[in-house]
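Q: Below: sequence and its predicted model.
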Number of protein chains: 2
Amino acid sequence: MRSVYCGALDASNDGQTVKLCGWVHRRRDHGGVIFVDLRDRDGIVQVVFDPDRAEIFNLAESLRNEFVIQVEGRVRLRGAAAINPKMATGEVEVLGTGLTVLNKSKTPPFPLDNYSEVGEDTRLRYRYMDLRRPEMQQKLVFRSKITGYMRRYMEDNGFLDIETPVLTRATPEGARDYLVPSRTHAGSFFALPQSPQLFKQLLMVSGFDRYYQIVKCFRDEDLRADRQPEFTQLDIETSFMSQDQIMEVTENLIRGMFKDLMGVEMPEKFQQMPYAEAMRRFGSDKPDMRISMELVDIDDLLKDVDFKVFSGPANDPKGRVAALKVPGANDKISRKQIDAYTKFVGIYGAKGLAYIKVNDKSDLEKGLQSPIVKFLPETVRQSILDRTGAENGDMIFFGADSFSVVCEALGALRCKLGEDLDMLEKEWAPLWVVDFPMFEETDAGWHAIHHPFTAPVNTDPAALTANPGEAISNAYDMVLNGVELGGGSIRIHDQQLQECVFRLLGISEEEAQEKFGFLLDALQFGAPPHGGLAFGLDRLVMLMTKSDSIREVMAFPKTQSAACPMTAAPGVVDTRQLRELNIRLRKKESDQA
Amino acid sequence: MRSVYCGALDASNDGQTVKLCGWVHRRRDHGGVIFVDLRDRDGIVQVVFDPDRAEIFNLAESLRNEFVIQVEGRVRLRGAAAINPKMATGEVEVLGTGLTVLNKSKTPPFPLDNYSEVGEDTRLRYRYMDLRRPEMQQKLVFRSKITGYMRRYMEDNGFLDIETPVLTRATPEGARDYLVPSRTHAGSFFALPQSPQLFKQLLMVSGFDRYYQIVKCFRDEDLRADRQPEFTQLDIETSFMSQDQIMEVTENLIRGMFKDLMGVEMPEKFQQMPYAEAMRRFGSDKPDMRISMELVDIDDLLKDVDFKVFSGPANDPKGRVAALKVPGANDKISRKQIDAYTKFVGIYGAKGLAYIKVNDKSDLEKGLQSPIVKFLPETVRQSILDRTGAENGDMIFFGADSFSVVCEALGALRCKLGEDLDMLEKEWAPLWVVDFPMFEETDAGWHAIHHPFTAPVNTDPAALTANPGEAISNAYDMVLNGVELGGGSIRIHDQQLQECVFRLLGISEEEAQEKFGFLLDALQFGAPPHGGLAFGLDRLVMLMTKSDSIREVMAFPKTQSAACPMTAAPGVVDTRQLRELNIRLRKKESDQA
């Protein structure tokens, strides 16, 4: 029915007779001639119907937006004055000599060009219309290119595409599982996987050596802009490879993808940074390296000042006092903005936001504009200027609280200032964060930072047990522009070490057997050294297409309440169906009264 | 850790120093030397440890089956007498100069070579061991190649890989849905998709033009050998393409795949056969074309005989009497086997299995050995011989019953005889079955043969309504060796025609709005002509690898009761979790008493 896509036409097609199929993007009548912008997946081309061909002209007059038509016509160059440099096909137009209306359209629920005027709920309800917008088309076409590139790369590197189950057992990722009642096993439930973690490890135990899968994962969590109930990851696992080799093979994937699909040259080797350094310098385990500002520790300078807000944390082993110098910010940040930033760091638990505006650093008494400087001796003021390297016109913000609050608050402020003050120095800044701690201490005991299957650098169970807080794991995260693209680790392949880690995490032997018995079994039957990584595909596509929300890069996303306005999912089901599944609805509290 | 895969070594590597990683497949001590068959994903190679290197030799003595080891060594040619032609690497061996035990193994739960002695439950419980068997490795490696080929083909042909939701609304395929209770919408449930049918149609409405996805689908049905709760399909949908074009593009995929991956040359154009012809000639809508035997209608010959078993169906418009001639079967089929075949056709509802052994066709009185021939006049006997073209030594089976029972019984018998008597004339026989009826009549009214979105050839709603039983659909099935590989259709893109089909299927306007309102809406906003197809991936892999069961081509299948003996899924969950999901377990009948 079609000889060529609309968007593919250019001057080289001049004189050709073509058949096009597509949607009426816009119709204009001008100077007795009808112009139709015809749209398909590939782009838009202008079709002209002139009154010479009366029958076709009359039919063309009946066209409305979003009608589906087939056009036969001749490609011709536009006159110089009519060339539209904004259109990819702007040098040509098609003189329509045949026209068939394949389907009509009612007036669209919203004009494609003004989608932003309707709420997202309307766009999701009529998602099939929203997806007609060229921007959405391009995003999903690009997503398809990304997955295509990934698959080719993985296959070229000897990775096997192996499917793991969707109907499985509760996984240990810690988030809430989606459950599926079993009909044949009354009272039992499948869980949808939060990741194929254990299955991919078992595939290594089976000897498949290199596995990958682009796979749906599920988490029943409350949703944020970058979360969805179902999301997709590029899941990778390998045997007999070192951490460096795994990082190299996955780094090459990302580098190659940016080069091939976007023409972006990433560094030949991504920078690697230990977790501890990332927290110290950037207050984050996923620092945005497009911004060069860094946090500077000043605890030692403030131990003895009479200002409790600073001296308290400075003397607390779990506290931190740090400064963030913002070059040339004096003119750019108003009193009002400082109030806004104070509120902003409050989100992260900071109780205030001290600052110094460095007007004249040679005048330690009057050259420093600040509500707190009066609490600091001049020697301390000088030391802070020296330590931060502040110059006249710079501004210094302070954080003084527990280590984690200071990191989170100043880390977030650093990124926000970077955006607000246009301080992004690079377009793309990848980074590996390595040397994560194995565990963090919580009120409920030790908690695995990565997951319970991550191998420690020191694989001696006794050493691990003696000092869990000091243990470093073989985990690694790939960070791009402050976003965690993917994370992975070398896994434990020794059964005793795995049992030791379970014990440290407060998992009883019984619980370990019940939940992970099959893994503990498998580790005793010749498990090879193995490790892997998983990339969040949606987030990666979001980043590469510079989209604001994960919902912009999925064809049929859910709303923030995990519903689909288009299909009205989830929906009510028959009592008969529930009876087959051996469940019933819980009566509401009010009904029970 | 490794320089080369075990299975990759051959004479060209002679003299090279290599590093291998893998599993001890077997260890033999012979003539003071230790031989280890070392296995990895790629194959097995023989490693030799000689006593010259005492330390390594002693370590090698400690090796047991399934230990994971790293070997450093030198490749050398075997002596002529030691060459093992059964091994791909049989011309060489590796002289071990370094040995590291990476992990030990307990005695495996079953010997990999004797897996068939343990039940399938044990194999599934220790699936990670079962998957180590070279046969299983090869099957999953081959499956990965198949999906890789499919994806490249689809992408080369301009198809976009677009993901559709797993958490969705009950779909209309008719099988039982797996349900997922929603936490955020109390009392509501998601359904896991039985196919992405409506979503792929909506993607066409959106203008994506060519879509594909290799996607998991779910059916909560009682399982047979070729069914699993979750299965995978290659799902395809296109716009602006005719049925012939869709068949061509998918046929080329299958042809190319057999050629590239198996070296099999399939016919340049697959045979196409109308449904009615397939039923008449082969008694099946998925005839196995490796067998040339055909059913022959003989109703007209038997209308007037005094034998009710034949004359009844012969005079019934819904009946059928047919003959199946089996060349040269007289000697091959015993009395006992005839009894077995009679039982066999009983499965399909046949009440008996009449037959004639043609010993001497020139003697119509005594030359025909048969319990029924006495009921037939000699003219009829002669006509049957003529119609079937039977020769001396042939055997003729008869079916006389309702049309559907005769088709099913003789259709199945034809395939069984084809296998039993070694009458498969080709290795691969693909076929398109086309011109399916739109509907079949059941006690509950008209039922869609394909699905309710399939377009009729005659798209006039009035004509369809006037005579639904005669309507032919634009549906097509690809059949290979008697197995339905995939099926598809041109879809309805006209809202009124879709409403008409819903009406004919007894779906009320209200029900249609509630279940398919979004589709009916979408069809009014410029839906393009579209159609597609879905291939069952598991079944295709099963066929290509000549496996007996779908479970042999999936990494982690479920048992026939839809359970996983390895992970013990499905499992019991906390009451707390159920409460969050607003459901509770139904008390057993006995508890309620």
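A: Yep, it's here. Numbers count the residues shown, from 1 in each chain, chains lettered A, B, ... in the order given.
Q: What ranges does the stretch 301-450 of chain A have for its strands?
A: Applying DSSP state E, counting those that start in this stretch to the stretch 301-450 of chain A gives strands spanning A:319-326, A:354-358, A:368-369, A:395-402, A:430-434, A:439-442, A:445-448.
Q: Name every strand pairing with the second one and say which way it goes.
A: By that I understand strand A:354-358. Strand A:354-358 has its sheet partners listed here by DSSP bridges as strand A:368-369 (antiparallel), strand A:395-402 (antiparallel).
Q: what does that strand contact?
A: Here strand A:354-358 makes contact (C-beta atoms under 8 Å, 6 or more residues apart in numbering or on different chains) with A:309-310, A:330, A:338, A:367-373, A:384-385, A:390-398, A:400. C-betas here are computed from N, CA, C, even on glycine.
Q: Residue A:48 contacts residue A:94, correct?
A: Yes: counting by C-beta atoms under 8 Å, residue A:48 does reach residue A:94; the two are 7.0 Å apart.
Q: Those two: which is more packed in?
A: residue A:94 (26 against 17; other C-beta atoms under 10 Å in any protein chain shown).
Q: Let me know whether residue A:338 touches residue A:345 as I believe.
A: No: using C-beta under 8 Å, residue A:338 is not in contact with residue A:345; the gap is 10.7 Å.
Q: tell me the mean pLDDT for the lengthiest strand in chain A?
A: Scanning chain A for the strand with the most residues, using DSSP state E, yields strand A:17-30. Here strand A:17-30 scores 96 as its mean pLDDT.
Q: and of the strands of the stretch 301-450 of chain A, who's closest to residue A:32?
A: Residue A:32 sits nearest to strand A:430-434 of all those, at 57.2 Å, using C-beta to C-beta.
Q: that older thread, so which elements touch the longest strand of chain A?
A: Secondary-structure packing of strand A:17-30 (3 or more C-beta pairs under 8 Å, 6 or more residues apart in numbering or on different chains; DSSP states H and E): strand A:33-40, strand A:43-49, strand A:68-77, strand A:92-103.
Q: what touches both of residue A:338 and residue A:345?
A: Common neighbours of residue A:338 and residue A:345 are listed as residue A:353 (criterion: C-beta under 8 Å, 6+ apart).
Q: any idea how far residue A:261 lies from residue A:279?
A: Distance from residue A:261 to residue A:279, counting by C-beta to C-beta, to the nearest Å: 33 Å.
Q: again with residue A:326
A: Applying C-beta to C-beta to residue A:326 and residue A:279 gives a distance of 20 Å.
Q: more crowded one of residue A:261 and residue A:279?
A: In this view residue A:261 and residue A:279 are compared by other C-beta under 10 Å, and residue A:279 has more residues nearby, 22 against 14.
Q: residues touching the residue lying closest to the more buried one once chain neighbours are set aside, list them.
A: Leaving aside its chain neighbours, residue A:279 sits nearest to residue A:407 (5.3 Å; criterion: C-beta to C-beta, 6 or more residues apart in numbering or on different chains). Taking C-beta under 8 Å, 6+ apart as the criterion, residue A:407 is in contact with A:279, A:283, A:284, A:295, A:320.
Q: In a markdown table: these, plus pLDDT and secondary structure.
A: Output for the contacts of residue A:407, formatted as a markdown table (pLDDT from 0 to 100; DSSP: H, G, I helix; E, B strand; the rest coil):
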| residue | pLDDT | secondary structure |
| --- | --- | --- |
| A:279 | 98 | helix |
| A:283 | 98 | coil |
| A:284 | 98 | coil |
| A:295 | 98 | strand |
| A:320 | 98 | strand |
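Q: nearest to residue B:74, of those residues?
A: In terms of C-beta to C-beta, no member of those lies closer to residue B:74 than residue A:279, at 49.0 Å.
Q: Residue A:341 versus the closest one, what's the distance?
A: When distance is defined by C-beta to C-beta, residue A:279 is 21 Å away from residue A:341.
Q: now swap in residue A:158 and tell me
A: In terms of C-beta to C-beta, residue A:158 sits 50 Å off from residue A:341.
Q: out of the two, which sits in the more crowded spot?
A: Neighbours per residue, other C-beta under 10 Å: of residue A:158 and residue A:341, the larger number sits with residue A:341, 19 against 13.
Q: which residue packs closest to that one, ignoring adjacent ones?
A: Counting by C-beta to C-beta, 6+ apart, residue A:341 lies nearest to residue A:353, which is 5.8 Å off, once chain neighbours are set aside.
Q: Is it correct that residue A:153 is in contact with residue A:257?
A: Yes: assessed by C-beta under 8 Å, residue A:153 is found in contact with residue A:257 at 7.4 Å.
Q: Could you give the number of residues near whichever residue of the stretch 301-450 of chain A sits closest to chain B?
A: Using C-beta to the nearest C-beta, the single residue of the stretch 301-450 of chain A nearest to chain B is residue A:444, 16.2 Å away. Residues within reach of residue A:444, counting by other C-beta under 10 Å, total 8.
Q: Isn't residue A:47 up against residue A:20?
A: Yes: here residue A:47 reaches residue A:20: they are 7.4 Å apart, a contact under C-beta under 8 Å.
Q: Now the common contact residues for those two.
A: A:38, A:71, A:73, A:94.
Q: Could you check how many residues crowd around the third one?
A: So the one you mean is residue A:73. So residue A:73, with other C-beta under 10 Å, has 23 neighbours.
Q: shaky segments in chain A?
A: Within chain A, the stretches with pLDDT under 70 are A:171-173, A:225, A:588-593.
Q: one more time with 80, if that's ok
A: Applying pLDDT under 80 to chain A flags the ranges A:114-116, A:170-174, A:223-226, A:587-593.
Q: Tell me which residues are up against the lengthiest helix in it.
A: Scanning chain A for the helix with the most residues, using DSSP state H, yields helix A:134-156. Residues outside helix A:134-156 that contact it (C-beta under 8 Å, 6+ apart) are A:39, A:41, A:43-44, A:130-131, A:161, A:212, A:214, A:234, A:236, A:252-253, A:256-257, A:260-261, A:537, A:540-541, A:544-545, A:547, A:552-553, A:555, B:144, B:148, B:151-152, B:155, B:160-162, B:206-208.
Q: Buried by neighbour count, from the residues you listed: which ones?
A: Buried members of the contacts of helix A:134-156, scored by 16 or more other C-beta atoms under 10 Å in any protein chain shown, are A:39, A:41, A:43-44, A:130-131, A:161, A:212, A:214, A:234, A:236, A:253, A:256-257, A:537, A:540-541, A:544-545, A:547, A:552-553, A:555, B:144, B:148, B:151-152, B:155, B:160-162, B:206-208.
Q: now, which of those lie within strands?
A: Going by DSSP E, the strands hold A:39, A:43, A:44, A:161, A:212, A:214, A:234, A:236, B:160, B:161 from these.
Q: Give me the distance between the closest residue in space to the last one that isn't next to it in sequence and residue A:456.
A: In space, not counting the residues next to it along the chain, residue B:161 is nearest to residue A:144; the distance is 4.6 Å by C-beta to C-beta, 6+ apart. Plainly put, residue A:144 is 40 Å away from residue A:456 if you go by C-beta to C-beta.
Q: what do you get for residue A:24?
A: Per C-beta to C-beta, residue A:24 is found 63 Å from residue A:456.
Q: Good, we can wrap up now.
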